[in-house]
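Enquirer: Have a look; sequence and predicted model below, questions after that.
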Amino acid sequence: MVICFQCPDGDDSSEEDTKEVYSPLTLEKLARQRLLREEALAISALKDLPNILFPVMFEEAFINGHTKVLTAMIPVWPYPYLSVGMMIKNLNLETLKAMLEGLDILIAQKVRSSRCKLREINWRNEYHDVYGIWDGSHELLPGFMTQKQPVQNSPDCVVKKELKVTTQLEVMEGRLDESDTYLFQWAQQRKDSIHVCYRKLEIQGLTKATVIEIFKFLHADCVQDLLLCRLCLEDLDFLNPYLRQMNNVLNLKLSHITDTLSMGDSEISLLPTFHYLQKLYVNDVSFIYGNLKGFLRCLKKPLESLIITDCNLSQSDLDCLPDCLNIFELKSLNLANINLCDLLLEPLGFFLERVRHTLEYLELHSCGIQDSQLNTLLPALSQCSQLRVVTFNDNDFSLLFLKKLLHHTAQLNQLESEAYPAPLECYDRDVILSHRLENLCPGLLDILRAKRKPKEVTFETTQCSKCGGFYLYDLETQSCHYEI
């Protein structure tokens with residue numbers, strides 16, 4: 001149990017001033033808003049609206065619920081591609097119905113408008129941009145991003161139809177929400193003219209009847225992002241025939257999966273082979289203990305990212321890492337929140353040496369690693385010349401061994417972000433001594449500065465068990481401050 005010497009009392013007098021800064025609307029935005037208030041006028045104006053104004057008009061109509069305008073815009077959309085992007089949070093059932101009604105009008109037209117170029121609508125929220133438009137020439141319009149291009153060596157789904165709707169499907173506790181249900185039923189009725197491509201499939205909790213019904217219609221080859229959550233091994237066994245149909249999965253996440261049947265390694269290996277898997281994320285999966293080798297058997301090609309968090313690993317799990325051929329081109333390794341304090345880390349060191357030419361991200365925070373264990377990792381760590389991000393915070397390093405670690409990471413010229421633990425000398429009988437961290441960190445930073453110019457460095461204490469806060473010394477402020 002670690003506590004602060006003096007927890008903050010909650011006084012908000014030092015909080016930043018968050019007064020809103022008034023920003024007047026542009027004349028163009030005012031004109032759009034005025035036009036949209038008269039929906040009939042806005043619809044009639046579409047035939048003369050310049051192409052470049054369609055995206056901003058669409059955004060305004062989508063966010064503010066001008067459903068009649070949305071319906072009218074779809075049949076005259078002047079670009080091949082339309083992506084809702086982060087506006088998906090505004091997608092309610094009425095907005096969805098309006099856009100699908102626009103598609104129905106487009107499908108029913110015997111002769112399309114010469115202006116309409118629409119081939120695909122994307123209803124996924126995977127991009128940070130508000131939305132994107134792609135006109136086929138990869139040229140950017142002001143303020144907009146192009147479509148994300150397909151990953152190389154990952155074949156697209158083979159279904160080819162005139163119109164395509166790319167979206168995601170969430171099965172929560174065995175049920176679809178209202179919007180997903182409506183889209184699913186709408187697409188089934190129009191399967192001859194429109195292909196609905198579910199790029200992302202999330203199954204959280206399982207009802208077998210729902211899954212059976214979904215896979216009667218869903219094109220499994222379309223799924224690239226697969227999340228399986230809050231299941232047990234019996235559920236995985238049921239899903240396995242459907243998983244075998246997903247030939248293009250790039251990202252697989254298994255989270256909160258329990259071993260209720262006490263199955264062994266032979267059962268774990270029943271996970272199908274994923275030919276194009278790039279990222280494997282395993283979080284809070286109890287039966288991975290002693291079975292990591294079985295998990296990694298599902299890989300056909302070299303993995304780029306391996307994330308295992310909040311799990312228990314055995315010594316045999318670490319021992320298998322240097323012998324797993326399909327992770328030797330790894331770019332990212334994350335073993336956060338895994339208790340490694342009682343394990344021998346030599347195999348992990350051997351593995352780091354094997355991936356030293358490709359590894360860019362290494363996250364080993366909250367692993368309980370101690371001084372003697374750190375020694376076994378340092379020789380390999382200093383050879384990982386491509387590392388851009390390392391996190392070692394919330395481990396048990398003394399000042400002496402933390403300095404050793406810094407002497408090794410100081411040789412890594414590609415590092416952009418580094419997080420280290422406060423040394424054990426910053427605690428006294430489980431009390432955080434923030435002034436010691438303040439005094440020690442300048443000297444620790446000097447170790448890095450002697451070899452290179454560090455970009456982003458933090459030293460963090462463990463969390464206070466009383467208030468949940470911690471103290472952090474960072475390169476930017478070069479001071480110790482409280483975080484929560």
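Expert: Thanks, I have the structure now.

Enquirer: Give the buried residues for stretch 317-333.
Expert: Under the neighbour-count criterion of 16 or more other Cβ atoms under 10 Å, stretch 317-333 has 317-322, 324, 327, 330-333 buried. Backbone N, C-alpha and C define where each C-beta goes, glycine included.

Enquirer: Oops, could you answer that again for stretch 363-379 instead?
Expert: For stretch 363-379, the neighbour count (16+ other Cβ under 10 Å) marks 363-367, 369-371, 373-374, 376-378 as buried.

Enquirer: out of the buried residues of stretch 317-333, which are inside helices?
Expert: Using DSSP state H, the subset of the buried residues of stretch 317-333 located in helices is 317-320.

Enquirer: any chance of the buried residues of stretch 363-379 in a markdown table, plus distance to Leu406?
Expert: What follows is these, written out as a markdown table (distance: Cβ to Cβ, whole Å):
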| residue | distance to Leu406 |
| --- | --- |
| Glu363 | 18 |
| Leu364 | 15 |
| His365 | 16 |
| Ser366 | 19 |
| Cys367 | 18 |
| Ile369 | 15 |
| Gln370 | 17 |
| Asp371 | 14 |
| Gln373 | 17 |
| Leu374 | 11 |
| Thr376 | 17 |
| Leu377 | 14 |
| Leu378 | 11 |
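
Enquirer: buried residues in whichever strand or helix holds Glu59?
Expert: In this assignment (DSSP states H and E), Glu59 forms part of helix 54-63. Buried residues in helix 54-63, counting neighbours by 16+ other Cβ under 10 Å, are found at 54-62.

Enquirer: what's that helix packed up against?
Expert: Here helix 54-63 touches helix 27-37, helix 67-73, going by 3 or more Cβ pairs under 8 Å, 6 or more residues apart in numbering; DSSP states H and E.

Enquirer: any idea which of those scores lowest on pLDDT?
Expert: Among these, helix 27-37 carries the lowest mean pLDDT, a mean of 66.

Enquirer: Pull the distance from the helix or strand following it to the chain's centre.
Expert: Using DSSP H and E, the helix or strand that follows helix 27-37 in sequence is helix 39-45. Relative to the centre of its chain, helix 39-45 is centred 40 Å away, using Cα atoms, centre = their mean, to the nearest Å.

Enquirer: Extract the C-alpha trace of helix 39-45 and format it as CSV.
Expert: Provided in CSV are the C-alpha atoms of helix 39-45 (Å, rounded to 0.1, in the frame of the first residue of the first chain):
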residue,chain,number,x,y,z
GLU,A,39,-35.1,22.3,-46.4
ALA,A,40,-37.2,22.7,-49.6
LEU,A,41,-34.9,25.5,-50.7
ALA,A,42,-31.8,23.6,-49.8
ILE,A,43,-32.9,20.5,-51.8
SER,A,44,-33.7,22.6,-54.9
ALA,A,45,-30.3,24.3,-54.6
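
Enquirer: by contact count, what packs against that helix?
Expert: Helix 39-45 packs on helix 27-37, helix 67-73, going by 3+ Cβ pairs under 8 Å, 6+ apart.

Enquirer: Report the secondary structure state of the nearest residue to His357 once chain neighbours are set aside.
Expert: Once flanking residues are discounted, His357 sits nearest to Gln386: 6.6 Å by Cβ to Cβ, 6 or more residues apart in numbering. For Gln386, the secondary structure call by DSSP: H, G, I helix; E, B strand; the rest coil comes out as coil.
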